[in-house]
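Student: okay, predicted coordinates and the sequence, questions at the end:
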Amino acid sequence: MTNIQFPYPEPPAFGKLLDIAPGIMWMRLPLPFRLDHVNIYLIEDGDGWCVLDAGIWDQRTIDLWEAVLAGPLAGSRLTRLIVTHHHPDHIGLAGWLCRRAEIPLLTSQTAYLACANLSLAPGSPQDRQFHDFYINHGTTREVADQMGTHGLDYLRMVSPLPNTFLRLLSRDMITIGARRFRILTGDGHAPEQVMLYCDEDQLFFPADQVIAKISPNVSVWPNEPDGDPLGHFVRTARRIRDNLPDDVLVLPGHQLPFTGLHARCSELVEHHDRRCDLIGEAVRAGPMTVNDLVPVVFPRELDLHQFGFAFSETLAHVNRMLRRGELTRTAGPDGIVRYAASGRRKAEDDI
């Protein structure tokens with residue numbers, strides 16, 4: 001990370017605002033997870049402030065927003081809310097904030113519909129499909145039962161969405177105050193994740209697509225069990241690296257703002273290549289399930305919440321390797337799916 005610099009080495013305290021560029025304020029809100037925060041940005045918008053992401057739906061976050069609205073933003077108004085993607089730490093409080101401030105929601109169609117489907121349809125994680133997804137990839141029935149009932153509790157930390165929204169599409173231009181932003185979208189971490197780029201001021205808001213010191217989660221979920229989100233993620237990282245300047249100020253959804261975009265995009269691609277190599281080395285000893293491979297990729301101890309992400313990200317690497325021809329897949333008489341080394345790798349044009 002020698003080419004990556006952190007111009008703002010100290011983040012603001014939860015619920016406090018920090019000026020980081022003319023007309024740009026940075027706020028952090030807490031999360032009840034190992035990754036304990038999400039970054040919120042306020043962009044000056046005429047006589048008010050456009051908000052980028054909302055935080056998760058819990059009482060602590062609501063209380064912090066109320067304090068901000070009654071404190072540093074007292075006398076100001078919010079103009080609109082842009083939500084980057086459907087994960088609850090970003091969209092969770094969107095409905096509440098839009099109603100509280102009487103502002104419109106702007107997001108991608110995928111984010112809006114995915115949130116409505118996954119987070120606001122609370123019965124879906126208990127469907128048989130979700131249970132069998134874990135069983136078929138080698139977990140015990142106990143773990144599968146836990147994943148179906150409590151492993152995805154965070155998905156429900158979302159307030160009811162507004163009934164309407166304004167769709168943001170890749171290549172759209174949006175004016176926020178005196179600035180013009182190009183809408184970009186990325187995939188892999190979340191489908192059609194919205195990113196903002198201001199060429200004139202060299203500002204890039206990538207949400208969770210590019211983060212300085214952690215790799216964004218890239219997961220396969222039960223509703224798309226054969227999907228290739230890792231391929232989508234790598235393509236997006238390369239497209240960002242090849243099409244945006246290296247000296248932009250990167251304002252991500254987590255951790256610190258940084259410069260050195262190209263180096264970080266390359267590091268993320270290399271990181272996932274190394275994880276694929278670990279899987280390839282492990283299966284040379286014999287066929288393995290995704291459950292067998294989780295500790296190969298994530299050797300630390302995991303709680304149930306962390307296991308769900310680790311399991312789904314391990315499967316993302318397996319699916320990528322299947323696409324590249326590095327693995328073969330077989331299902332035994334017990335219905336359990338196992339993966340073995342194929343001894344070959346397909347050539348690819350772009351990944």
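Tutor: Right, received. Where do you want to start?
Student: packing partners for the lengthiest helix in the chain?
Tutor: As assigned by DSSP state H, the longest helix anywhere in the chain is helix 261-283. Applying 3 or more C-beta pairs under 8 Å, 6 or more residues apart in numbering; DSSP states H and E, we find helix 261-283 packed against helix 229-243, helix 290-297, helix 304-323, strand 327-331, strand 337-341. Every C-beta, even on glycine, is put in place using the N, C-alpha and C of the backbone.
Student: return the most buried member of those.
Tutor: Among the helices and strands packed on helix 261-283, helix 304-323 has the highest mean neighbour count (mean count of other C-beta atoms under 10 Å), at a mean of 22.
Student: where does the stretch 51-200 of the chain dip in pLDDT?
Tutor: Low-confidence segments of the stretch 51-200 of the chain, defined by pLDDT under 70: 119-127, 150-152.
Student: in it, which spans are helices?
Tutor: 59-70, 88-91, 94-101, 109-118, 128-136, 141-146 (DSSP state H, counting those that start in this stretch).
Student: nearest spatial neighbour of residue 81, skipping sequence neighbours?
Tutor: residue 51 (4.8 Å; C-beta to C-beta, 6 or more residues apart in numbering).
Student: wait, isn't the one you found in contact with residue 42?
Tutor: Yes: with contacts counted by C-beta atoms under 8 Å, residue 51 reaches residue 42, the gap being 5.8 Å.
Student: of those two, which one has the most company?
Tutor: residue 51 (27 against 23; other C-beta atoms under 10 Å).
Student: give the contact list for that one.
Tutor: Neighbouring residues of residue 51 by C-beta atoms under 8 Å, 6 or more residues apart in numbering: 40, 41, 42, 78, 80, 81, 82, 97, 103.
Student: can you tell me the closest non-neighbouring residue to the fourth one?
Tutor: What it means is residue 78. That would be residue 101: by C-beta to C-beta, 6+ apart, it lies 4.2 Å from residue 78.
Student: report the angle between the longest helix of the chain and strand 337-341.
Tutor: Inter-element angle recorded for helix 261-283 and strand 337-341: 100 degrees (by axes from the mean of the first three to the mean of the last three C-alpha atoms, to 10 degrees).
Student: what are the buried residues along helix 261-283?
Tutor: Applying a neighbour-count criterion of 16 or more other C-beta atoms under 10 Å, one finds 261-265, 267-268, 272, 275-276, 279-280, 282-283 buried in helix 261-283.
Student: turn the residues you listed into JSON lines, including pLDDT and distance to residue 159.
Tutor: JSON lines is the format used below for the buried residues of helix 261-283 (pLDDT from 0 to 100; distance: C-beta to C-beta, whole Å):
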{"residue": "261", "pLDDT": "98", "distance to residue 159": "33"}
{"residue": "262", "pLDDT": "97", "distance to residue 159": "38"}
{"residue": "263", "pLDDT": "97", "distance to residue 159": "38"}
{"residue": "264", "pLDDT": "97", "distance to residue 159": "33"}
{"residue": "265", "pLDDT": "97", "distance to residue 159": "33"}
{"residue": "267", "pLDDT": "97", "distance to residue 159": "35"}
{"residue": "268", "pLDDT": "97", "distance to residue 159": "31"}
{"residue": "272", "pLDDT": "97", "distance to residue 159": "33"}
{"residue": "275", "pLDDT": "97", "distance to residue 159": "35"}
{"residue": "276", "pLDDT": "97", "distance to residue 159": "38"}
{"residue": "279", "pLDDT": "97", "distance to residue 159": "38"}
{"residue": "280", "pLDDT": "96", "distance to residue 159": "43"}
{"residue": "282", "pLDDT": "97", "distance to residue 159": "42"}
{"residue": "283", "pLDDT": "97", "distance to residue 159": "43"}
